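S.K.: no FASTA, just this:
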């Protein structure tokens, strides 16, 4: 197993773990790493392990494969200091097995013992300092000098009256590098020996024109959430556990600049008159930011990352979030156009599950998604994605989710997918489900299926319609077919704890019946929840209807575990 870091020209650095001894790279879908570019052949190159060492081989590409700026046919063994260029993308070995790291460690120690590099030397050997997915800890001295350099760089850009608003990300970084290098040369003799000037240079550039220390964690696939409490506190969630990252920004203004760089491209704004904003990154990750006067400790950012790879139910089975029998049932529910509500608490994985459920929607159906901030990543060909819009600086122009849900009814949808029901849009969603738009999906915050129904009733009342509770409950009981309850346990694991059918209404009470449940039996030595999924023995009412119309259905999946 080995780990690669790579960066396409003008793009974000990413990382990937290769779990086998061979990895193909190219623009074709059959490759292990797919990079869409005219400069990269369909099967461009292969990286492989030979006698415990990593090598790269060109597969006859037109633009060639380059190692440390020299064109090669076959090259190796490769070390973490080598730069492999394939088309417009650069690769580095970010991590290898323990036996392969010994030579690399000795080289790193030799570099540390060398005198401090000047800015020109750093720039000429830029590939030596490309980061891996593991962010180096920032010492007090590094933070101190980083703040000085950052302030001087911003001052230089102001003095030269640079119009950064019209520059692309790449142009802005090049301009910042041009201004920063002379400052580094001027101050290089003052830096203590403990300060790595190459890392310092990168940190300053990331903070000035990128997302600062967040760059490391966005590239780390093990990090699922990033929380900036203020410029001195950055927490991350890794493997379901919250930890202090040990990193910080130079000032509150640096955090504000990062927020602006995130929200400006998507037309959002944040200021004292509108101190909260929901946004998204280019990869679909959800972002929430809040600034003073509402945030007393300073500007705060919360980023919920999305997995770069498209998750499927096989992945959830592997994670222990669900079992195969439950997957088979949910597939039938989606294919047979049952209306599903995914319920759960904050961070329980509702949106992720909604994305996975969407994989079962046939490609020949027209899907329209409605979200506050676009997060869903559906892959069907006939798809329209709608996103709500906040008001402008004059307080006008806002378009709510409810208005978008109403508009979807005029767009000839086969399926309506609402990212999350939070208010009056629940009424329009229920009406759509009851008027021919079967197979619709949505999520809601609730701790149990029964609580989810109560939440739906409350949200319908938020629509401002003076409806009796009995009428609302009849609407809910008629519209919703299945509730899937997702839970995040204290150990960080996420599981589907209940799949429940709405069977009707009796004596003004909606009747529910659990079909599958998760039975917790304790915790293992590491504190992780252990248990098993089981069927309750109840057969959903609509399964009997499927049998009557001639569909082949497997009723054995509903037998209790002991009976099976």
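M.R.: That came in fine, so what should we check first? It should be emphasised that the depicted structure is a prediction, and the values quoted were computed from it without experimental measurement. Numbering: from 1, shown residues only.
S.K.: same question for stretch 4-13, mean pLDDT?
M.R.: Average pLDDT, stretch 4-13: 83.
S.K.: sorry, that was for stretch 236-244
M.R.: 85.
S.K.: what comes up buried for it?
M.R.: Within stretch 236-244, the residues that qualify as buried are 236, 237, 240, counting by 16 or more other CB atoms under 10 Å. For glycine as for every other residue, the C-beta is placed from the backbone atoms N, C-alpha and C.
S.K.: what about it, distance to the chain center?
M.R.: Offset of stretch 236-244 from its chain centre (CA atoms, centre = their mean, to the nearest Å): 15 Å.
S.K.: for it, which outside residues touch it?
M.R.: 217, 220, 222-227, 233-235, 245, 488, 491-494 (CB atoms under 8 Å, 6 or more residues apart in numbering).
S.K.: what subset of those is buried?
M.R.: Going by neighbour count (16+ other CB under 10 Å), these have 217, 220, 223-227, 233-234, 245, 488, 492-494 buried.
S.K.: narrow the residues you listed to those in helices?
M.R.: The members of the buried ones among the contacts of stretch 236-244 that map onto helices under DSSP state H are residue 217.
S.K.: isn't residue 191 up against residue 197?
M.R.: Yes: between residue 191 and residue 197 there is a contact at 6.0 Å, judged by CB atoms under 8 Å.
S.K.: those two - which one has more neighbours?
M.R.: Comparing residue 191 with residue 197 by other CB atoms under 10 Å, the one with more neighbours is residue 197, at 20 against 17.
S.K.: all helices of the stretch 101-250 of the chain, in order?
M.R.: 119-124, 140-159, 169-187, 197-209, 214-219 (DSSP state H, counting those that start in this stretch).
S.K.: kindly report the same for the stretch 401-550 of the chain.
M.R.: 401-408, 425-433, 449-461, 469-479, 541-548.
S.K.: what would those helices look like in a markdown table with mean pLDDT and mean neighbour count?
M.R.: Converted to a markdown table, those look like this (pLDDT from 0 to 100; neighbours: other CB atoms under 10 Å):
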| stretch | mean pLDDT | mean neighbour count |
| --- | --- | --- |
| helix 401-408 | 88 | 20 |
| helix 425-433 | 88 | 24 |
| helix 449-461 | 92 | 20 |
| helix 469-479 | 91 | 17 |
| helix 541-548 | 78 | 14 |
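S.K.: nearest to residue 330 among those would be which one?
M.R.: helix 541-548 (13.0 Å; CB to CB).
S.K.: relative to the whole chain's centre, how far out is that closest one?
M.R.: Worked out by CA atoms, centre = their mean, helix 541-548 lies 38 Å from the chain centre.
S.K.: next one: stretch 512-525
M.R.: Taking mean C-alpha positions (CA atoms, centre = their mean), stretch 512-525 and its chain are 28 Å apart.
S.K.: what of stretch 325-332?
M.R.: That offset, for stretch 325-332, works out to 25 Å (CA atoms, centre = their mean).
S.K.: and stretch 325-339, by the same measure?
M.R.: With CA atoms, centre = their mean, you get 25 Å for stretch 325-339.
S.K.: what is the burial count for the nearest residue to residue 326 once chain neighbours are set aside?
M.R.: Distance criterion CB to CB, 6 or more residues apart in numbering; nearest residue to residue 326, sequence neighbours excluded, is residue 516 at 4.9 Å. By other CB under 10 Å, the residues close to residue 516 number 23.
S.K.: with residue 203 instead?
M.R.: 28.
S.K.: I'd like the helices of the stretch 401-550 of the chain as a markdown table, with distance to residue 55 appended.
M.R.: Converted to a markdown table, these look like this (distance: least, CB to CB, whole Å):
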| stretch | distance to residue 55 |
| --- | --- |
| helix 401-408 | 53 |
| helix 425-433 | 55 |
| helix 449-461 | 54 |
| helix 469-479 | 59 |
| helix 541-548 | 55 |
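S.K.: and of those, who's closest to residue 512?
M.R.: Evaluated over those, closeness to residue 512 peaks at helix 449-461, with 5.7 Å, by CB to CB.
S.K.: how about the residue nearest to residue 274 when sequence neighbours are not counted, what does it touch?
M.R.: Using CB to CB, 6+ apart and skipping the chain neighbours, the partner closest in space to residue 274 is residue 390 (7.5 Å). With contact set as CB under 8 Å, 6+ apart, residue 390 has these partners: 268, 269, 274, 277, 398.
S.K.: how near is residue 239 to residue 279?
M.R.: Distance, residue 239 to residue 279, by CB to CB, to the nearest Å: 26 Å.
S.K.: same question, residue 446
M.R.: For residue 446, the distance to residue 279 - CB to CB - is 25 Å.
S.K.: now residue 266
M.R.: 6 Å.
S.K.: thank you, goodbye.
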